[in-house]
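**Student:** here's a sequence, model it:
(chains A and B)
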Amino acid sequence: GAGVSQSPSNKVTEKGKDVELRCDPISGHTALYWYRQSLGQGLEFLIYFQGNSAPDKSGLPSDRFSAERTGGSVSTLTIQRTQQEDSAVYLCASSPIAGDYNEQFFGPGTRLTVL
Amino acid sequence: DAKTTQPTSMDCAEGRAANLPCNHSTISGNEYVYWYRQIHSQGPQYIIHGLKNNETNEMASLIITEDRKSSTLILPHATLRDTAVYYCIARSGSARQLTFGSGTQLTVLP
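**Tutor:** Down below sits the predicted model:
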């Protein structure tokens, strides 16, 4: 079956511009996560959605970052007024239920470069 | 998540078993051991997880010591495509987000 997909695969933008990153989770998965990974670094949790519950935004690094999940499926991560330190690979993952002993299925990521 | 310690890198000959160790001496009773890997330029991939008993699936086997302070991931017949960074995580069932450490860079040599 189809896995988690993300678009675009690569995004180059100028400092100060806004960007939108999209994630299509596996159909039927109720939990969706956004992470970022800087070059040579581990995963940094950003935000978590579970069904109709309020999202866990505790990992968002600043108020320039926001995310939505419409209809319990597709999610969009928006970064406003991008900075060079925002350059990273942004990864989306989904899992069937709320992380309880379940594996997370990751997409291929969006590589964001802020010039 | 409990702290985990893994070797920085390992090599393995193609076709041989790759045994990747992980120490998690402070693991608590409700924390599972998870293994993920990340092939270069790809997203992380779940491999296997376990609590106390040894586990096996189509990808790998997981051996957890009786005191649960360490574990070993075994890839029984490593191929070149298994070259990746392997991450060991000790994670409770209520935890949502994953946190990876530095992991082990496994290089499978022809």
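
**Student:** wait, a helix at B:Arg81?
**Tutor:** Yes: under DSSP: H, G, I helix; E, B strand; the rest coil, B:Arg81 sits within a helix.

**Student:** so where's chain B uncertain?
**Tutor:** B:93-94 (pLDDT under 70).

**Student:** how about the residue nearest the centre of chain B: what's its closest non-neighbour residue?
**Tutor:** Closest to where the C-alpha atoms of chain B average out (CA atoms, centre = their mean) is B:Trp35, at 3.6 Å. Distance criterion CB to CB, 6 or more residues apart in numbering or on different chains; nearest residue to B:Trp35, sequence neighbours excluded, is B:Ile47 at 4.3 Å. Placement of C-beta: from N, CA and C, glycine included.

**Student:** and what of B:Val33?
**Tutor:** Residue nearest to B:Val33 in three dimensions, not counting chain neighbours: B:Ser71, with 5.0 Å by CB to CB, 6+ apart.

**Student:** which secondary structure state does the one you found sit in?
**Tutor:** In three-state terms, and counting by three-state DSSP, B:Ser71 is strand.

**Student:** relative to B:Asp82, how far out is it?
**Tutor:** Counting by CB to CB, to the nearest Å, the gap from B:Ser71 to B:Asp82 is 18 Å.

**Student:** show me which of those two is the more surrounded one.
**Tutor:** B:Ser71 (23 against 19; other CB atoms under 10 Å in any protein chain shown).

**Student:** any idea what that one is bridged to?
**Tutor:** On the basis of DSSP bridges, B:Ser71 is bridged to B:Cys22, B:Ile64.

**Student:** which residues are in contact with A:Ser38?
**Tutor:** By CB atoms under 8 Å, 6 or more residues apart in numbering or on different chains, the contact set of A:Ser38 is A:Glu44, A:Ser87, A:Ala88, A:Val89.

**Student:** so what does it look like in phi/psi?
**Tutor:** Per-residue torsions, A:Ser38: phi -80, psi 160 (degrees, to the nearest 10).

**Student:** excluding chain neighbours, what is closest to B:Ile39?
**Tutor:** The nearest residue in space to B:Ile39 (CB to CB, 6+ apart) is B:Ala84, at 4.4 Å.

**Student:** then A:Ser7?
**Tutor:** A:Arg22 is the one closest to A:Ser7 (CB to CB, 6+ apart), at 4.9 Å.

**Student:** quick check: that neighbour touching A:Val4?
**Tutor:** No: counting by CB atoms under 8 Å, A:Val4 is not a contact partner of A:Arg22; they are 11.1 Å apart.

**Student:** neighbour count: the two, which is higher?
**Tutor:** A:Val4 (21 against 15).

**Student:** need the nearest residue in space to that one, chain neighbours excluded.
**Tutor:** Per CB to CB, 6+ apart, closest to A:Val4 is A:Gly107, 3.7 Å.

**Student:** residues in contact with the one you found?
**Tutor:** Neighbours of A:Gly107 in contact, by CB under 8 Å, 6+ apart: A:Gly3, A:Val4, A:Ser5, A:Gln6, A:Cys23, A:Asp24, A:Leu91, A:Cys92, A:Ala93, B:Gly43.

**Student:** tell me what the residue nearest to the centre of chain B is bridged to.
**Tutor:** B:Ile48, B:Cys88.

**Student:** residue numbers of chain B in contact with chain A?
**Tutor:** B:32, B:34, B:42-46, B:49, B:87, B:93-103 (CB under 8 Å from any CB of the partner chain).
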